[in-house]
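Novice: One predicted model, sequence on top.
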Amino acid sequence: MRTNTFGRVAAVLVGLEGLGLVALAIWQVVALASGDTASIESALALVVLTVVGAAAVLAFAVAIWHGRSWGRSGGIVAQLLILAVALGAATGAYAEPLSALVLAVPAVVVLVLLVLAVREAGRHARDEASA
């Protein structure tokens, strides 16, 4: 299936999010190596989870680029999780509204692009079915 423009832009942005997770994993490894952790076990677990998350998000980006529905679905779930983290950053005793905004704005943009890509893919599938 041919990917539409919305899907291509969303794929690039989801790929950038995946690369951001890779950078975060590298930062975590550097912190672990420099002894800047309270618990080595927890730090290792966090690094592993971050690497798994980065691999998943990068796989979603590739799948979105190739027009696969599972990539769009996974990308939408990832954006909703980012929005949940942003909400947590915006509220509570240690609220950081600017950090929440930095997380939420790109997530909303990508979420809208993914929904538009899903709609376009559905329209394309209906046109093929009726032809």
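Specialist: Sure thing, it's come through. In this text the structure is predicted, and so the values were computed from the model without any measurement. Numbering: from 1, shown residues only.

Novice: quick check: mean pLDDT across the longest helix belonging to the chain?
Specialist: Determined from DSSP state H, the single longest helix within the chain is helix 97-130. Mean per-residue pLDDT for helix 97-130: 94.

Novice: tell me which residues of it are tucked away?
Specialist: For helix 97-130, burial by neighbour count (16 or more other C-beta atoms under 10 Å) applies to 100, 103-104, 106-107, 110-111, 113-114, 116-118, 120-121. To be clear about C-beta, it is placed using only N, CA and C from the backbone, and glycine gets the same treatment.

Novice: between the residues you listed, which is nearest Phe60?
Specialist: Of all the buried residues of helix 97-130, Phe60 sits closest to Leu114, with 9.6 Å by C-beta to C-beta.

Novice: That closest one: what's it in contact with?
Specialist: Leu114 makes contact with 6-7, 10, 64, 72, 75-76, 79, according to C-beta atoms under 8 Å, 6 or more residues apart in numbering.

Novice: how about 10 Å then?
Specialist: Counting by C-beta atoms under 10 Å, 6 or more residues apart in numbering, Leu114 touches 6-7, 9-11, 13-14, 60, 64, 71-79.
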